[in-house]
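Novice: 3D model of this:
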Amino acid sequence: MKLGYHLGYWSSGPPAGALDAIVQAERLGFDSVWTAEGYGSDAFTPLAWWGASTSRIRLGTNIVQMAARTPTATAMSAMTLDHLTGGRFVLGLGASGPQVVEGWYGQPYPRPLARTREYVEIVRRVVARERPVSYDGRFFQLPLAGGTGLGKPLKSTVHPLRTRVPIHLAAEGPKNVALAAEICDGWLPLFFSPKTDGFYRAALAEGFARRPDGEPADFEVAASVPVIVHEDVERAADLIRPSLALYIGGMGAKDVNFHHDVFARMGYADVADKVQELYLDGRKAQAAAAIPTRLVEDIALIGPAGKIRAELAVWEETVVTTMLLRGDAATLRSVAEVLCR
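Specialist: Okay, the predicted model is just below:
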């Protein structure tokens, strides 16, 4: 299993020590570094700025929100970064949710899987640069239908460094996971648990069965996994609970929260409902406290080094090919020592 570093998106400003952590990740032999975006910092700019100080590690977005850019604009950024990194770029895409898509970007959210399929196909065509791009889809038309009539199919002026930039899809529901397996080169799970490995294997197998060439040997599953090395398991869990409460309780509307649904499928429906109720009522500390340690242990590696090493063996038997870590330079170094020993 490979290791990656997930920088995430910013809160109120640039995270302190980000460049040191990225340089440390490359020095430690990590395979990849990833950035994200919500409704503040974007994913491409930090990756280009800090990634300029690296020479080997792969640089990916986890994730670029599709509603934020047209498919051709995303393809332009992907081709540009692929050139600037010497072929080290990985394009991670995601649909986000209706609160962000409609509330922040002012774009329609319905039928996200169908939109994703069209989006990825257009990005592929732009990057391949085989011919001027025209597309007559349900959600995207190139040239635009009903415009001035002056639009014409165009081909990128930039010749791609690679005619196929790897595309990974962030997905949580089974249909979206299957879509990642069908049309992409990797899957980016957020809250993966070894206990749900069989469920996701089945979803991936469904998607692979729809590929003309079957399951690719190099398909990647890069999962964000919190790792906290601490002698006290409860104190380690306390460091993760507030973030879980935010995602389970506050990331999305009450009836449309995909993160809540992940934990419900994991067997924590009652817990997820309680956390959401408390969080939306403004009782965030109580929402975090309502998350049992066993739930944290299902999606994270926490506790003493020996416990983490023993549990890592279970993760290595799953579909996960890369474990994405977070933290500062010192944290990456200490965690890598535990995981790689």
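Novice: In the stretch 1-150 of the chain, where is pLDDT below threshold?
Specialist: Within the stretch 1-150 of the chain, no stretch has pLDDT under 70.
Novice: could you pull out the strands for it?
Specialist: Taking DSSP state E, counting those that start in this stretch as the test, the strands found in the stretch 1-150 of the chain are 2-8, 32-35, 58-61, 64-65, 89-94, 135-136, 141-142.
Novice: As CSV, those strands with distance to residue 14 and mean neighbour count would be great.
Specialist: Any C-beta I mention is one placed from the backbone N, CA and C, and that applies to glycine too. Listed next are these as CSV, based on distance: least, C-beta to C-beta, whole Å; neighbours: other C-beta atoms under 10 Å:
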stretch, distance to residue 14, mean neighbour count
strand 2-8, 10, 21
strand 32-35, 11, 26
strand 58-61, 17, 26
strand 64-65, 19, 24
strand 89-94, 20, 26
strand 135-136, 37, 13
strand 141-142, 36, 18
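Novice: So which of those is nearest residue 149?
Specialist: strand 141-142 (12.8 Å; C-beta to C-beta).
Novice: partners of that closest one, with directions?
Specialist: Strands that pair with strand 141-142, judged by DSSP bridges, come out as strand 135-136 (antiparallel).
Novice: got a list of contacts for the strand it pairs with?
Specialist: Strand 135-136 has contacts (C-beta atoms under 8 Å, 6 or more residues apart in numbering) with 118, 121, 122, 125, 141, 142, 145.
Novice: thinking the first one is in contact with residue 141, fair?
Specialist: No. At 9.8 Å, residue 118 does not count as touching residue 141 under the criterion of C-beta atoms under 8 Å.
Novice: before we move on, the earlier item: of the contacts of strand 135-136, buried ones?
Specialist: Neighbour counting with 16 or more other C-beta atoms under 10 Å marks 118, 122, 125, 142 as buried within the contacts of strand 135-136.
Novice: The second one reaches residue 71, doesn't it?
Specialist: Yes. With contact taken as C-beta under 8 Å, residue 122 and residue 71 are classed as touching, separated by 3.7 Å.
Novice: Residues that sit against both of these two, list them.
Specialist: Here residue 122 and residue 71 have residue 140 as joint contacts, going by C-beta under 8 Å, 6+ apart.
Novice: all strands of the stretch 201-341 of the chain, in order?
Specialist: Counting by DSSP E, counting those that start in this stretch, the stretch 201-341 of the chain has strands at residues 220-224, 227-229, 301-303, 322-325.
Novice: residue contacts, the residue most central in space within the chain?
Specialist: In the chain, the centroid-proximal residue (C-alpha atoms, centre = their mean) is residue 62; its distance is 3.8 Å. By C-beta under 8 Å, 6+ apart, the contact set of residue 62 is 6, 34, 35, 36, 43, 92, 168, 170, 188, 222, 224, 324.
Novice: how deep is the residue lying closest to residue 95 once chain neighbours are set aside tucked in, by neighbour count?
Specialist: With sequence-adjacent residues excluded and distances taken as C-beta to C-beta, 6 or more residues apart in numbering, residue 95 is closest to residue 112, at 4.1 Å. By other C-beta atoms under 10 Å, the residues close to residue 112 number 22.
Novice: And for residue 273?
Specialist: Residue 273, neighbours per other C-beta under 10 Å, totals 16.
Novice: Tell me where the model's unsure across the stretch 151-300 of the chain.
Specialist: In the stretch 151-300 of the chain (pLDDT under 70), no residue qualifies.
Novice: So which residues of it form helices?
Specialist: Ranges of helices within the stretch 151-300 of the chain are 174-183, 197-209, 233-238, 241-245, 258-263, 269-280, 284-289, 293-299, based on DSSP state H, counting those that start in this stretch.
Novice: between the ones you listed, which one is nearest to residue 337?
Specialist: Shortest distance between residue 337 and the helices of the stretch 151-300 of the chain, using C-beta to C-beta, is found for helix 233-238: 16.5 Å.
Novice: helices or strands up against the closest one?
Specialist: Contact here means 3 or more C-beta pairs under 8 Å, 6 or more residues apart in numbering; DSSP states H and E; on that basis helix 233-238 packs against strand 227-229, helix 293-299, strand 301-303.
Novice: how far does the second one sit from the chain's center?
Specialist: When you say that, I think you mean helix 293-299. Its chain's average C-alpha position is 20 Å from that of helix 293-299, according to C-alpha atoms, centre = their mean, to the nearest Å.
Novice: Run through the neighbouring helices and strands of it.
Specialist: Secondary-structure packing of helix 293-299 (3+ C-beta pairs under 8 Å, 6+ apart): helix 233-238, helix 241-245.
Novice: Can you say which of the helices and strands packed on helix 233-238 is packed in most?
Specialist: Of all the helices and strands packed on helix 233-238, strand 301-303 has the most neighbours on average by mean count of other C-beta atoms under 10 Å, namely a mean of 24.
Novice: Could you name the helices and strands sitting against it?
Specialist: For strand 301-303, the packing partners by 3+ C-beta pairs under 8 Å, 6+ apart come out as strand 227-229, helix 233-238, helix 305-315.
Novice: at 10 Å what do you get?
Specialist: Helices and strands touching strand 301-303, as assessed by 3 or more C-beta pairs under 10 Å, 6 or more residues apart in numbering; DSSP states H and E, comprise strand 227-229, helix 233-238, helix 293-299, helix 305-315, helix 329-340.
Novice: can you list contacts of that strand?
Specialist: 225-240, 293, 296-297, 307-312, 314-315, 323, 325, 335, 338-339 (C-beta atoms under 10 Å, 6 or more residues apart in numbering).
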